[in-house]
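Q: need the 3D shape of this:
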Amino acid sequence: MITATHKGKYYNVEFSIVNVSELEEDLRIGAETYHPEKIETLYFLNKKANGITIGQYFHLIKKLFNPKKSPPRKVRLLELENMGNFEIFEIPEVLSSDIKSSKNIAKFGDVVISRLRPYLNQVGFIYLPQVYTTTELLVLRPKQNAI
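A: Numbers count the residues shown, from 1 in each chain. The predicted structure is shown next:
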């Protein structure tokens, strides 16, 4: 990867050129994914972590709830607007028939982290037995005996 700055007459633009072999496994292509500040931060964190990864302590949960295949019932739904600054404000109860799209399934003790806007610090612990979450949250479940 090459990071460079283009110095224009009225502005400067910092950019990254990434080789296809360096792309993330799921081929996420977006400005924020390869933003130079993010890349620098990841290199810094990897250096400080001494080879320890989140995957050594947590499973990434990708189990989904499809509301179209479920009978109507009351469920707890966590959306991004219900969290911020390392806290979950509330997990409202809604009718599953009112949910329009697939949701992640999180359980008590899981950690949820927003995939969007990291500066909002949308990170929290699930404190109810089962919660459906927006797919914009990553659901991490602690591995047994790892923590």
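Q: what domains does the record give for this structure?
A: Recorded structural domains for the chain (assignment: automatic domain parsing) are 2-52, 56-142.
Q: the ones you listed into TSV, with extra columns for mean pLDDT and mean neighbour count?
A: C-beta: built from backbone N, CA, C; applies to glycine. Formatted as TSV, the domains of the chain follow (pLDDT from 0 to 100; neighbours: other C-beta atoms under 10 Å):
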stretch	mean pLDDT	mean neighbour count
domain 2-52	71	10
domain 56-142	94	15
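Q: quick one: the strands in the chain?
A: 2-7, 12-17, 58-61, 64-65, 74-78, 93-95, 103-107, 111-114, 123-125, 130-133, 137-142 (DSSP state E).
Q: contacts for the third one, please.
A: The one in question is strand 58-61. Strand 58-61 is contacted by residues Asn104, Ile105, Ala106, Asp110, Val111, Leu138, Val139, Leu140, Arg141, Pro142, Lys143, Ala146 when judged by C-beta atoms under 8 Å, 6 or more residues apart in numbering.
Q: JSON lines for these, including distance to Pro36?
A: Converted to JSON lines, the contacts of strand 58-61 look like this (distance: C-beta to C-beta, whole Å):
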{"residue": "Asn104", "distance to Pro36": "30"}
{"residue": "Ile105", "distance to Pro36": "35"}
{"residue": "Ala106", "distance to Pro36": "32"}
{"residue": "Asp110", "distance to Pro36": "32"}
{"residue": "Val111", "distance to Pro36": "28"}
{"residue": "Leu138", "distance to Pro36": "23"}
{"residue": "Val139", "distance to Pro36": "29"}
{"residue": "Leu140", "distance to Pro36": "26"}
{"residue": "Arg141", "distance to Pro36": "32"}
{"residue": "Pro142", "distance to Pro36": "32"}
{"residue": "Lys143", "distance to Pro36": "33"}
{"residue": "Ala146", "distance to Pro36": "33"}
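Q: so how far is Tyr132 from the residue lying closest to Leu128 once chain neighbours are set aside?
A: Once flanking residues are discounted, Leu128 sits nearest to Arg76: 5.7 Å by C-beta to C-beta, 6 or more residues apart in numbering. In this view, Arg76 and Tyr132 are 7 Å apart by C-beta to C-beta, to the nearest Å.
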